[in-house]
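>>> what's the 3D shape of this:
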Amino acid sequence: MAGLMRLPAEDILYAEIFTYLSVMDLQNMKLAMPESDYLINVYLGQLKDVEWEDVPEEQRMNIAYYTRSLKTVDLSRAPLVRGAFVTLVLQMNETITHLNLRECPALTIEAVKPITQLKSLSALSVRGNKWVTNRFIFLLTGSLDSKQLKKVDFSLCLVTDIAMEEFLLKFVGFVIRGCQKLKRLRIYGCPKVTKEFKDSLPKAILYH
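The predicted model follows:
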């Protein structure tokens, strides 16, 4: 069999085994095969997405610690996530482009502060969270430097006209400021945002 090319063990694991396993399967493999620990950690660092709702709460921190390349983080199906976990995910993955924190009531503004480090953020949903107040909007406006932001959902949040004006001045500003990529903004059901303010916005960016 001298003519056959032999693949390195890590290539076989990546191509033939790891890609077919859930992150919990990988965690169990670590326990059963301690020698696989390093390769699994490297593999976790290359994942673009994790289905966190399938991961038991007590295991989420362990897995999040090794992620480095996540593009999509959707926690809307795991609403009772803890603040420390979300903070870690945001800190470890500056590569995130789509972040969905819809209806995650257990979070706080302090927990999500690392959002401001996400330079490639394209879509953000914080719909239905009472912690999304003017303070949160001012945090984004003052610190977030994402020139890729295109879609934002602030629906059913406690924000006001003043905060929305600040946000839009930055992210839908003049072309020369390089901030005109925001194309979709949802603020439906925000009791403190007035009809007059909504009527003053470009109709093309509002969506329901």
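>>> going along the chain, name the strands of the protein.
72-74, 98-100, 123-125, 151-153, 184-186 (DSSP state E).
>>> would you list those in JSON lines and tack on mean neighbour count and mean pLDDT?
Yep, even glycine has a C-beta here, placed from its N, CA and C like the rest. Compiled in JSON lines, the strands of the chain are given as follows (neighbours: other Cβ atoms under 10 Å; pLDDT from 0 to 100):
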{"stretch": "strand 72-74", "mean neighbour count": "17", "mean pLDDT": "97"}
{"stretch": "strand 98-100", "mean neighbour count": "20", "mean pLDDT": "97"}
{"stretch": "strand 123-125", "mean neighbour count": "20", "mean pLDDT": "96"}
{"stretch": "strand 151-153", "mean neighbour count": "20", "mean pLDDT": "92"}
{"stretch": "strand 184-186", "mean neighbour count": "18", "mean pLDDT": "83"}
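>>> make CSV from the ones you listed and add distance to Leu31 to it.
Shown next, in CSV, are these (distance: least, Cβ to Cβ, whole Å):
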stretch, distance to Leu31
strand 72-74, 26
strand 98-100, 31
strand 123-125, 35
strand 151-153, 39
strand 184-186, 43
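>>> low-scoring stretches of the protein, by residue?
1-16, 172-181, 204, 207-208 (pLDDT under 70).
>>> can you list the domains in it?
The record's domain parsing of the chain by automatic domain parsing lists 8-44, 50-200.
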